[in-house]
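Colleague: Quick one: sequence and predicted model below, then my questions.
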Amino acid sequence: MTDALSRRAALRTAAGLGLTAGLLTRGSPAHARFAPTDVDALKALLIVERNAIKTYQAGIAVLAAAPSTDPLLRFRGIIQAIAQHFMAQHSDHAAKLALFITRQGGADDVGDGTAQIPADFVPGIQNVIDLATNAEKAAAIAYTDTQKTLNATDNAELAAAIGAVESQHFVVLNLAARGFVTPAASTVNQPADALASVAARFVPTSFAITIDGSPGLDDETLLPPYDVTK
């Protein structure tokens, strides 16, 4: 076994032990790989994901219509590219949740979702960032709360793998919303399509750990550790 594979195996083992310990501590059986009793909880998370997709779609439309007087107009391209990247990851989450639901005898019957836009929302690039920040915060909380109720290890692992990414989304957006980060000069006045590869670096995988063939941060082929010996 190579050093890289050894590290990855150790990380996965440690993560598995940590998750199992947490589940057992709360008194859940956590023995079955799947549990039909988890279907309703997974459906609730699927609604969260599809609502997020619709919210991002609405936000991207606002970005596209931003007037020339918007103070953040020069950053519209990178903001839209990040929004599109995060929305695609929510689509990955929704697809995986729907797959797990049907595997456990459930039906994907929750609909396409609804954009979570306040009635008094004021269109503007800053408000789109804030809107997405609020949505990602709510999603991160929903996954954390739901994980505590799940009975099957595979379902809990999926919730953990997605919930950690929602938290990553929230951190990135919250830093931008509060003005702690400023896009690089090379992104100024650039269209979103030209910045897709840049946006993809912010949250590089849709899942925190490899789930059912979908790579996570533990995939050292995709994301090798940084060399700290240079």
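Modeller: Happy to help now that I have it.

Colleague: When you work out contacts or count neighbours from here on, use the C-alpha atoms and nothing else.
Modeller: Will do.

Colleague: distance between the biggest helix by length in the chain and the chain's centre?
Modeller: Among the elements of the chain assigned as helix by DSSP state H, the one spanning the most residues is helix 76-103. Taking the mean of its C-alpha atoms, helix 76-103 sits 7 Å from the chain's own mean (C-alpha atoms, centre = their mean, to the nearest Å).

Colleague: ditto for stretch 201-208
Modeller: In terms of C-alpha atoms, centre = their mean, the gap separating the centre of stretch 201-208 from the centre of its chain is 8 Å.

Colleague: do stretch 46-56 as well
Modeller: Using C-alpha atoms, centre = their mean, the mean C-alpha position of stretch 46-56 is found 11 Å from that of the whole chain.

Colleague: any idea how far A139 lies from A199?
Modeller: A139 is 20 Å from A199, where distance means C-alpha to C-alpha, to the nearest Å.

Colleague: These two: which has the busier surroundings?
Modeller: A139 (25 against 21; other C-alpha atoms under 10 Å).

Colleague: What residues of the strand or helix carrying the more buried one count as buried?
Modeller: Under the criterion DSSP states H and E, the helix or strand holding A139 is helix 125-147. By neighbour count on 16 or more other C-alpha atoms under 10 Å, the buried set for helix 125-147 is 125-133, 135-140, 142-144, 146-147.

Colleague: Can you name the element that comes right after that helix?
Modeller: With secondary structure assigned by DSSP H and E, helix 125-147 is succeeded by helix 153-177.

Colleague: For that next one, which helices and strands make contact with it?
Modeller: When contacts are defined as 3 or more C-alpha pairs under 8 Å, 6 or more residues apart in numbering; DSSP states H and E, helix 153-177 sits against helix 76-103, helix 125-147.

Colleague: Now the first one: buried residues?
Modeller: For helix 76-103, the buried set under the neighbour-count rule, 16+ other C-alpha under 10 Å, comprises 76-87, 89-94, 96-98, 100-101.

Colleague: and the direction of that helix versus that of helix 153-177, what angle?
Modeller: Orientation of helix 76-103 against helix 153-177 (axes from the mean of the first three to the mean of the last three C-alpha atoms, to 10 degrees) gives an angle of 170 degrees.

Colleague: Contact partners for the residue nearest to I82 when sequence neighbours are not counted?
Modeller: For I82, ignoring the flanking residues on the chain, the nearest one in space by C-alpha to C-alpha, 6 or more residues apart in numbering is A199 at 4.9 Å. Contacts here follow C-alpha atoms under 8 Å, 6 or more residues apart in numbering; on that basis A199 touches 78, 81-82, 85.

Colleague: Ok, R76 next?
Modeller: R76 touches 63, 125, 189, 191-192, counting by C-alpha under 8 Å, 6+ apart.

Colleague: a markdown table for these, including secondary structure and pLDDT?
Modeller: Below are those laid out as a markdown table (DSSP: H, G, I helix; E, B strand; the rest coil; pLDDT from 0 to 100):
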| residue | secondary structure | pLDDT |
| --- | --- | --- |
| L63 | helix | 98 |
| I125 | helix | 98 |
| N189 | coil | 96 |
| P191 | coil | 96 |
| A192 | helix | 97 |
